[in-house]
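Participant: Quick one: sequence and predicted model below, then my questions.
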Amino acid sequence: MKRLLTLDLENYTDDMPVTEKHTVRAVILRDGRMAMQRSGKGEYKIPGGGVEDGESHLQTLLREVREETGLLVRPDTVREIGEIVEMREDVFCPRQKYVCHSYFYFCGVEDETVATHMTDSEIAKGFHPVWETPEEIVRVNDALLLQPWQNRDTEFIRLGIDSGLFR
């Protein structure tokens, strides 16, 4: 998959053990708006999450989008966009280097929706599914930049706006 961007905080050393993660992110567009998760604090997150053992990217997209938004991805509509690689010191395991590969895909969804099944952490942070314009997502996340994933998602959306990807 084509690399779109590398986000490197350069706050680690080469002798640190490495923790590597692979995630998928669903870009779902409808009427100029993107399906997103929004927290109680207002920040936006692109639906998606970690690839579990034995799961394909498609299986992860179907599961994560359903859990986080209640939307049902149509498998025949999934198209790859590209990858963002993040590198930084692991916020949960200091003195370890964290490398995250996030793979972005366009996805179409069914008209039908189902109940969400968010994690305890997502519930505690007040995440809920919303539709918002890419420009508003960037504006809000730039003002609230609190988490590393926000930078990844915001930079991806900014790249999409600048390149015309979302038209």
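Facilitator: Sure, I can see it. Numbering: from 1, shown residues only.

Participant: Distance from the chain centre to the helix or strand hosting residue 102, please.
Facilitator: Assigned by DSSP states H and E, residue 102 belongs to strand 97-113. Here the centre of strand 97-113 is set off from its chain's centre by 6 Å, with Cα atoms, centre = their mean, to the nearest Å.

Participant: average pLDDT across that strand?
Facilitator: For strand 97-113, mean pLDDT is 97.

Participant: Please pull up the helix or strand immediately following that strand.
Facilitator: By DSSP H and E, the next helix or strand past strand 97-113 is helix 120-124.

Participant: tell me which strands and helices the top strand by length along the chain is in contact with?
Facilitator: If you go by DSSP state E, the chain has its longest strand at strand 71-89. Other helices and strands packing on strand 71-89, by 3 or more Cβ pairs under 8 Å, 6 or more residues apart in numbering; DSSP states H and E, are strand 3-8, helix 57-69, strand 97-113, helix 148-163. C-beta: built from backbone N, CA, C; applies to glycine.

Participant: helices or strands up against the very next helix or strand once past the shortest one?
Facilitator: By that I understand strand 3-8. Using DSSP H and E, the next helix or strand after strand 3-8 towards the C-terminus is strand 18-27. The contact analysis (3+ Cβ pairs under 8 Å, 6+ apart) places strand 18-27 against strand 48-50, helix 57-69, strand 97-113, helix 148-163.
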